[in-house]
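Asker: Using only what follows, build the 3D model:
(one chain, ligands or ions: 1)
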Amino acid sequence: MACAQTPGAQPALPPLPPPAQHTPPGASLAVMLDVLLGGAAIAVPQYQNPLLAASLLLKAIGAIRRRRAPGVADGDGRADGIAPGRVDLDWAELRLTLTLKDGSLKKILDGVSGSARAGRLLAIMGPSGSGKTSLLNALARQVPKTKGMKFTGRLTVNGSAAGLDGLPQAYVQQDDLFFSQLTVREILTMAAHLRLPPSMADAAKDEYVERLIAKLGLSNSTDTRVGDAKTRGISNGEKKRLSIGCELIHSPSLIFVDEPTTGLDSFQAEKVMETLKDLVRDGHTVICSIHQPRSSIFAMFDDLILLCEGRTVYSGPAEKAIDHFATMGLQCPAHYNPAEFLADQISLDTSSDESREKSQERINKLVAAWREKGVNSNNGKQIAAPATAPATVENGVKAVVSNGVTQATWLRQFRLLFRRSWRQAVRDKATNATRAMININSAIVFGFIYFRLKATSATVQDRLGLLQVSAVNTAMSSLMKTISVFPSEKTVVARERAKRSYGVLPYFLGKLIAELPITAAFPVLFSAVLYPMTGLNPSPQRVARFFGIVLLESFASSAFGLTIGSIAPTKDAALAMGPAMMLIFIVFGGYYVNAENVSALLKWIPKASLIQWGFQGMCVNEFKGAPFEEQPGAKVRRGAMKDGDEVLQWLSYDTMPISRAVVANARIMLFHYWLTYNILKARKPQFEKMEPPPES
Ligand SMILES: Nc1ncnc2c1ncn2[C@@H]1O[C@H](COP(=O)(O)OP(=O)(O)OP(=O)(O)O)[C@@H](O)[C@H]1O
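Answerer: Numbering: from 1, shown residues only. Next up is the predicted model:
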């Protein structure tokens, strides 16, 4: 017996269109697209209603799933049908244990068993920390590699463990990560061009994206940028649907969705769940975790797993959960949201010692009862309700359109990723304008401090100070720009790489080349304001060289920032590490410490200091062969230097050509690019391997 709906709950959703008719395999891709295009002609007016639009997503995906393309030759490995077929997932005795530093064992998942059926929406519910995400990770075989973690259990697809290999699956993570300056259409188009078969024409991919946008209910936001904390973009619900859309590009059989409604208002949450429900109706196997849904969302669940402290409390048809609790003497009051009731029963009440004890006792009883039931009925394996496959689901596993791994050539990947980096870099006008202002302001401030310096012995200290300040400012502003952006970008890239959407090299090269003009613009701006104000050596050749030295130092610093950003686990960590390390390079930047006097142990630091090489290059450029002006009537100070060469002698730079500083900074830049590339490559997301349960 299910609880009655909560009064005031959302009105019933409009009925969904019936699932698309099953078409026998062997139809062509052109036919598939035809259906998509033709279908859209009828459906377009309905997209004004986002609920209907979301529900229609099914038809598009379904059409792709069920028909084959003429453009997709059998020879490319996707014979007989684009679509992944029916996938039934079963698992038993899943255990995730973590050995903590003190030697104790933390049971994250404690012998969880269950199943998910094609054409049924399975929800995993439980209080925070109960293991919902861990179970999804385990089922997706994406348990992040962690020291001390052990992952055991049995997992089968359509009754076979071998079915897991190459299974087209999608995992929509809880947080929606995108390049913020790209629009909805651009993001989906890129995903389509990377992950759909190359034999499908570009125009067809674009058309497909348009249909997908419409059916995701994103038509009104097609050309809206995703946005970020600084710039308002699409709503959170739209972001979630965009995440789902990106994962659906390759029409996966199995879809995992972690907390799809978290952070959404009830209307948006319902729309997202409708989208999932539609996919289920088409025969996809959808498993989602959810915290505490409203009753209308609970009513969409076909099957339910209740987790508490990593243990199963219930696993079976959603509508029977209340009955199961009733047999334990836990009666759901009338007119009460069943999801809320269930959540209350399996939550630990920590408000007082007494209530904690009482709730813990109740939870233990529920776990024991379920274990007992499971052992008696299924030899320890709780299986969800026998699934009735919807009429549209084909029996047996069919070949797939794509397993989501990139299908694009190296050059294609590079072009797509270059374009994305370019758009991300140039469109962020607010950040670029702020950086430009900061550089201009710094140049004006330093320009006034060192205003119109004369080329005399009296200004040697000022000029050295100015050159050191220029080297430090160039390095710091480039470093900060990079480390404030790259760690977040790295997270998006790591996620995309986990899906094998593209390689590191095309991404990294595309990024470096696309960002070249923006990386160059700010130091050029800084120098263009500073140089004329301060009256440094006005010879055109020296001016050009100064700009070149600053530019190269800026690139080297940006490359150093990439290394920091790739090592640091978070943006905050990068922001702490970067300036602290740069401070060492400042101390050994040529002005405060003479490299010749440094102990053997520290000799490498000035050599690695991009500031030192920048400063050295600027000094040689400014002083080499530069006579000092006569100062009639001025008192000649004791020890005053008579020309620029003497300054360089004093600095121990007299035998150094500018080329040495240039080559050194170029080497530092290339070294950090190489290091970053290798760190990115090595830091591929790694997952725990599932081992069989100990008893088998
Ligand atoms: N890699 C890990 N290292 C340490 N503890 C972990 C790890 N993974 C999971 N845990 C712990 O396992 C428990 C379950 O975590 P999980 O994220 O699966 O819970 P959840 O039900 O999804 O929680 P929420 O609803 O808050 O997201 C938590 O106590 C969590 O701290």
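
Asker: hey, let's count contacts and neighbours off CA atoms from now on
Answerer: Fine.

Asker: measure residue 181 to residue 430 for me?
Answerer: 11 Å (Cα to Cα, to the nearest Å).

Asker: neighbour count winner among the two?
Answerer: Using other Cα atoms under 10 Å, the more surrounded residue of residue 181 and residue 430 is residue 181, with 25 against 11.

Asker: Which residues lie in contact with the more buried one in this structure?
Answerer: 225-227, 423-424, 427-428 (Cα atoms under 8 Å, 6 or more residues apart in numbering).

Asker: Which of the three states applies to it?
Answerer: With DSSP: H, G, I helix; E, B strand; the rest coil as the basis, residue 181 sits in coil.

Asker: Dihedrals phi and psi, it?
Answerer: Dihedral angles of residue 181 (phi, psi; degrees, to the nearest 10) stand at phi -90, psi 0.

Asker: most neighbours, which of the contacts of residue 181?
Answerer: Most neighbours among those, by other Cα under 10 Å: residue 226, with 25 neighbours.

Asker: Isn't that residue up against residue 240?
Answerer: No: using Cα atoms under 8 Å, residue 226 is not in contact with residue 240, being 11.0 Å away.

Asker: Would you tell me which residues of the protein are close to the ligand?
Answerer: 108, 127-134, 146, 291 (Cα under 6 Å from any ligand atom).

Asker: min pLDDT across the residues you listed, which one?
Answerer: Lowest pLDDT of the residues of the chain next to the ligand: residue 291, 85.

Asker: give me the number of residues near that one?
Answerer: 21.

Asker: Residue 683 now?
Answerer: 12.

Asker: Can you report phi and psi for it?
Answerer: The phi/psi pair for residue 683 (degrees, to the nearest 10) is phi -90, psi 30.

Asker: does the residue most central in space within the chain belong to a helix or a strand, and which?
Answerer: Note on the chain: the residue nearest the mean C-alpha position is residue 492, at 2.2 Å, using Cα atoms, centre = their mean. With elements taken from DSSP states H and E, the one containing residue 492 is helix 486-498.

Asker: Which one of the contacts of residue 181 is nearest to residue 665?
Answerer: residue 424 (27.0 Å; Cα to Cα).

Asker: The closest one contacts residue 186, correct?
Answerer: No: assessed by Cα under 8 Å, residue 424 is found out of contact with residue 186, at 11.4 Å.

Asker: average pLDDT for the strand or helix carrying residue 515?
Answerer: In the assignment (DSSP H and E), residue 515 maps to helix 504-534. Mean pLDDT, helix 504-534: 95.

Asker: So which elements touch that helix?
Answerer: Applying 3 or more Cα pairs under 8 Å, 6 or more residues apart in numbering; DSSP states H and E, we find helix 504-534 packed against helix 410-427, helix 429-449, helix 540-567, helix 658-682.

Asker: Go through these and name the closest to residue 529.
Answerer: helix 429-449 (5.9 Å).

Asker: Determine the set of other helices and strands touching whichever helix or strand comes after the closest one.
Answerer: The helix or strand immediately downstream of helix 429-449 is helix 460-483, counting by DSSP H and E. Helices and strands touching helix 460-483, by 3+ Cα pairs under 8 Å, 6+ apart, are helix 540-567, helix 571-587, helix 610-623.

Asker: give me that answer again for 10 Å
Answerer: Where contact means 3 or more Cα pairs under 10 Å, 6 or more residues apart in numbering; DSSP states H and E, helix 460-483 is packed against helix 429-449, helix 504-534, helix 540-567, helix 571-587, helix 610-623, helix 644-650.

Asker: From these, pick the one with the highest average neighbour count.
Answerer: The highest average neighbour count among these, using mean count of other Cα atoms under 10 Å, belongs to helix 610-623 at a mean of 28.

Asker: quick one: that helix to helix 658-682, angle?
Answerer: Helix 610-623 runs at 160 degrees relative to helix 658-682, counting by axes from the mean of the first three to the mean of the last three Cα atoms, to 10 degrees.

Asker: Please identify the buried residues of the helix holding residue 492?
Answerer: 486-494, 496-498 (16 or more other Cα atoms under 10 Å).

Asker: State the helix or strand in which the residue in the stretch 351-500 of the chain that the ligand sits nearest to lies.
Answerer: Closest approach between the stretch 351-500 of the chain and the ligand, counting by Cα to the nearest ligand atom: residue 363, at 15.4 Å. Using DSSP H and E, residue 363 sits within helix 353-378.
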